[in-house]
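Peer 1: Sequence unavailable; structure follows:
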């Protein structure tokens, strides 16, 4: 088995391994060179697959599905990486945590590479104008397949409301209300002559075939004859409208960046968890491992609070007739409470914090660190997702970017106050550990 695995290691990587073993044994113990090489190789393979995968309209891949599986694999890799770090913690000195941070970032890079490239390709697959034209063709043609009772007059217009119709949110979010949409299609129907009616049916058949991957099993003349005589269209019930709607909804989400927002939220949550793990890699030589687990649990709990807190608050306000326009301030109080809990719990552990300086560092860090993912999520919600707008002059966005930078600085300062005394004791010798 070892011989088979050794063949998977390139000669250059084996030479690097030998060099680190002889010249940098503490770095060699971390095995970070293997993690970086194979993580970047996997990210490159995922990027190439996302870049060259065929995008047929009848079989569009949902980036969220692949992203979910890749995040599961990344979390498994992070868990194994953390176990390795803790298992070999006595074989190297302080200051090696940066290599575990680098390895954790490389392990977590694959999901965002795959989903970002695939979402960009889906966005470029079709313009908004083309998507609108296809939706209009499908909605206009529905009447001829399912509108055997349609006729001129008030009754016919009301019957239009009950027809199957594809409603896309993002590409029509600035359009008139739904009842005006119905009037638009109904007015076209009344103004059309026989040739135009046949053209509407043919446009529906062509558009349906592209999204469903199959031809409409009814000829144009058959549909027109059945419609003129107020008869049900033969075999119209076998149309796979769910397939067509699913593909159109996916394209609509990409156009509105809603899919990118969902993806980036999950990605930031993963990065937040990764940050706490990497923080532990830097601190477990300075703090007991059980203390790190406690801090990690409380930190990851703040992410869970963000996910559920916003939804619970939204439902409560909706029940009282209110609504939430901004998702930023709702979980803020809860995150502050989490930040206050960590130093109060750590203060009870005599082996973790010995001075007011360390307690101050723990308080600063645990109050500032949750603001990092929170402000990132806010900025992503404002459109700074895959399409990064560095020169965004919105004062609110600029303010949140300042908060993000300040949170990072305060987090680093708190970490320094908290860990520096213990790291100095570790570096001084085993008698001070």
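Peer 2: Perfect, I can see it now. Note that the structure is a prediction, hence the values are computed from the model and not measured.

Peer 1: Share the number of residues neighbouring residue 132, please.
Peer 2: 14 (other C-beta atoms under 10 Å). The C-beta positions use only the backbone N, C-alpha and C, and glycine is treated the same way.

Peer 1: any idea which helix or strand carries it?
Peer 2: Taking DSSP states H and E as the criterion, the element that holds residue 132 is helix 128-146.

Peer 1: Likewise for residue 104?
Peer 2: Residue 104 belongs to helix 97-107, assigned by DSSP H and E.

Peer 1: quick one on the thing from earlier: tell me the helices and strands packed up against the helix holding residue 132.
Peer 2: Applying 3 or more C-beta pairs under 8 Å, 6 or more residues apart in numbering; DSSP states H and E, we find helix 128-146 packed against helix 178-191, helix 194-212, helix 220-228, helix 241-255.

Peer 1: if we can go back for a sec, right, and the helix or strand after the helix holding residue 104?
Peer 2: That would be, after helix 97-107 and using DSSP H and E, helix 109-125.

Peer 1: what sits up against that following helix?
Peer 2: For helix 109-125, the external contacting residues (C-beta atoms under 8 Å, 6 or more residues apart in numbering) are 39-40, 42-43, 46-47, 49-51, 53, 55, 57, 60-61, 63-64, 66-67, 70-71, 73-74, 250-251, 254-255, 259-260, 263, 267, 270, 386.

Peer 1: Give the buried residues for that helix.
Peer 2: 109-123 (16 or more other C-beta atoms under 10 Å).

Peer 1: which one of these is nearest residue 357?
Peer 2: Of all those, residue 357 sits closest to residue 109, with 36.0 Å by C-beta to C-beta.

Peer 1: Per-residue pLDDT of that closest one, please?
Peer 2: With respect to pLDDT, residue 109 has a value of 78.

Peer 1: Flag every buried residue along stretch 207-221.
Peer 2: Buried residues in stretch 207-221, counted by 16+ other C-beta under 10 Å: 207, 208, 211, 212, 216, 218, 220.

Peer 1: I meant stretch 194-202, not that one.
Peer 2: Quick answer for stretch 194-202 (16+ other C-beta under 10 Å): 197, 198, 199, 200, 201.

Peer 1: looking at it, the first one is touching residue 143, isn't it?
Peer 2: I take that to be residue 197. No. Between residue 197 and residue 143 there is no contact under C-beta atoms under 8 Å: 9.4 Å.

Peer 1: quick one: common contacting residues for these two?
Peer 2: With C-beta under 8 Å, 6+ apart as the test, residue 197 and residue 143 both reach residue 227.

Peer 1: Looking at stretch 199-208 now, give me its mean pLDDT.
Peer 2: 92.

Peer 1: let me redo that: stretch 142-161
Peer 2: Stretch 142-161 comes out with an average pLDDT of 65.

Peer 1: okay, now the domains of this protein?
Peer 2: 128-251, 286-433 (automatic domain parsing).

Peer 1: which of these has the lowest average pLDDT?
Peer 2: Among these, domain 286-433 carries the lowest mean pLDDT (a mean of 58).

Peer 1: returning to that earlier point: could you list the buried residues of the helix holding residue 132?
Peer 2: Buried residues in helix 128-146 (16+ other C-beta under 10 Å): 131, 134-146.

Peer 1: Likewise for stretch 26-37?
Peer 2: Buried-residue list, stretch 26-37, by 16+ other C-beta under 10 Å: 28, 29, 30, 31, 32, 33, 35, 36, 37.

Peer 1: farthest-separated two in the residues you listed?
Peer 2: Longest span within these, C-beta to C-beta: 29 and 37, 16.6 Å.

Peer 1: can you put the buried residues of stretch 207-221 in TSV and add distance to residue 7?
Peer 2: Shown next, in TSV, are these (distance: C-beta to C-beta, whole Å):
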residue	distance to residue 7
207	52
208	51
211	46
212	47
216	54
218	58
220	61
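
Peer 1: Pick out the most distant pair among those.
Peer 2: Spanning the widest gap among the buried residues of stretch 207-221 are 211 and 220, at 18.3 Å by C-beta to C-beta.

Peer 1: Quick check: of the buried residues of stretch 207-221, which lies closest to residue 402?
Peer 2: residue 211 (45.4 Å).

Peer 1: Tell me if I'm right that that closest one and residue 57 touch.
Peer 2: Yes. Using C-beta under 8 Å, residue 211 makes contact with residue 57 at a distance of 5.2 Å.

Peer 1: circling back to that earlier point, tell me which of the helices and strands packed on helix 128-146 is the most buried.
Peer 2: Greatest average neighbour count among the helices and strands packed on helix 128-146 goes to helix 241-255 (a mean of 19), per mean count of other C-beta atoms under 10 Å.

Peer 1: For it, which helices and strands make contact with it?
Peer 2: Under the contact criterion of 3+ C-beta pairs under 8 Å, 6+ apart, helix 241-255 touches helix 109-125, helix 128-146, helix 194-212, helix 258-283.

Peer 1: And the contacts of stretch 194-210?
Peer 2: Taking C-beta under 8 Å, 6+ apart as the rule, stretch 194-210 contacts 57-58, 134, 137-138, 140-142, 144-145, 188, 192, 215-216, 220, 223-224, 227, 239, 244.

Peer 1: For burial, what's the neighbour tally of residue 99?
Peer 2: The burial count for residue 99: 22, using other C-beta under 10 Å.

Peer 1: Residue 217 in helix, strand or coil?
Peer 2: coil (DSSP: H, G, I helix; E, B strand; the rest coil).

Peer 1: Which residue is the nearest non-sequential neighbour of it?
Peer 2: residue 235 (5.1 Å; C-beta to C-beta, 6 or more residues apart in numbering).

Peer 1: how many neighbours does the one you found have?
Peer 2: 12.

Peer 1: again with residue 106
Peer 2: By other C-beta under 10 Å, the residues close to residue 106 number 20.

Peer 1: Could I get the contacting residues of it?
Peer 2: Taking C-beta under 8 Å, 6+ apart, one finds 35, 36, 39, 40, 43 in contact with residue 106.

Peer 1: Ramachandran coordinates for residue 54?
Peer 2: Main-chain torsions, residue 54, degrees, to the nearest 10: phi -60, psi 140.
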